[in-house]
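Student: When you get a sec, could you give me coordinates for this:
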Amino acid sequence: MNSLTQTSRDAQFVTLGIEREIYAVPVEAVVEILDMRPVFRIPETPPYLVGLIDVRGRGVPVIDLRLKLGLSPGIPSEHTRILVLHVPINGRDIALGLMADRVFEVLPLDLSQLETPPDIGVSWRSDYIRGVGRRGDGFVIVFDLATLFTADEASVIGRKAPPDLAASTAA
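Tutor: Below is the predicted model:
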């Protein structure tokens with residue numbers, strides 16, 4: 001093993017866009033990336049929980065990242081994507097769809113170079129952020145999925161989803 005390998009702590013992230021900002025999620029959490037598709041609405045859920053999509057015969061809840069972050073709703077376009085993720089919540093993996101304006105690329109980031117997230121100047125909770133990385137001359141906000149999607153989402157999904165979905169997300 002060479003010294004570069006020993007000192008570098010690169011991890012792979014899928015980058016996605018909301019408005020002009022670039023965000024990232026760990027590539028190992030991403031199951032697949034889908035084009036926008038019709039969403040089955042679930043009544044009496046938080047506004048950011050858009051509804052369910054069918055992914056190969058399995059219902060997957062979809063969360064609108066814009067609304068989750070407290071931003072204004074967007075209008076889906078041909079660039080809108082749904083990232084199907086396995087998110088660790090309370091010691092188990094929950095399948096969730098994350099709706100984003102667009103998806104860019106897989107980007108390696110050195111974990112030791114991530115900067116501390118800002119506590120001020122953002123309109124959403126800074127504890128959603130694992131750190132801030134660099135992409136060219138810009139920044140990439142790396143999400144902490146376990147904080148972004150809490151046990152609240154799991155309990156809402158369990159209460160509002162059809163019985164077969166609640167069982168499949170608990171597995």
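
Student: what about the helices in the protein?
Tutor: 3-7, 65-68, 145-148, 151-160, 163-170 (DSSP state H).

Student: Pull the contacting residues for the residue nearest the centre of the chain.
Tutor: Centroid check for the chain by CA atoms, centre = their mean gives residue 98 as the closest residue, at 5.0 Å. By CB atoms under 8 Å, 6 or more residues apart in numbering, residue 98 lies in contact with 16, 25, 62-63, 65, 82-85. (Each C-beta comes from the backbone N, C-alpha and C, glycine too.)

Student: Can I get those in a markdown table including pLDDT and neighbour count?
Tutor: Putting the contacts of residue 98 into a markdown table (pLDDT from 0 to 100; neighbours: other CB atoms under 10 Å) gives the following:
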| residue | pLDDT | neighbour count |
| --- | --- | --- |
| 16 | 97 | 25 |
| 25 | 96 | 24 |
| 62 | 94 | 25 |
| 63 | 93 | 23 |
| 65 | 92 | 22 |
| 82 | 97 | 26 |
| 83 | 97 | 21 |
| 84 | 96 | 19 |
| 85 | 94 | 25 |
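
Student: count of residues packed around residue 15?
Tutor: 21 (other CB atoms under 10 Å).

Student: To what extent is the residue nearest to it when sequence neighbours are not counted buried, counted in neighbours?
Tutor: Nearest residue to residue 15 in three dimensions, chain neighbours excluded: residue 104, at 4.3 Å (CB to CB, 6 or more residues apart in numbering). Neighbourhood size, residue 104 [other CB under 10 Å]: 15.

Student: Let me see the contact set for residue 104.
Tutor: Going by CB under 8 Å, 6+ apart, residue 104 touches 15-17, 22.

Student: Can you lay out those as a markdown table showing distance to residue 73?
Tutor: Below are the contacts of residue 104 laid out as a markdown table (distance: CB to CB, whole Å):
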| residue | distance to residue 73 |
| --- | --- |
| 15 | 22 |
| 16 | 17 |
| 17 | 16 |
| 22 | 20 |
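
Student: Can you tell me which of those is closest to residue 112?
Tutor: residue 15 (19.1 Å; CB to CB).

Student: On the strand side of things, show who that closest one bridges to.
Tutor: Taking DSSP bridges as the rule, residue 15 bridges to residue 24.

Student: Please apply the same query to residue 143.
Tutor: Note on residue 143: beta-bridge partners residue 129, judged by DSSP bridges.

Student: do the same with residue 30
Tutor: Beta-bridge partners, per DSSP bridges, of residue 30: residue 85.
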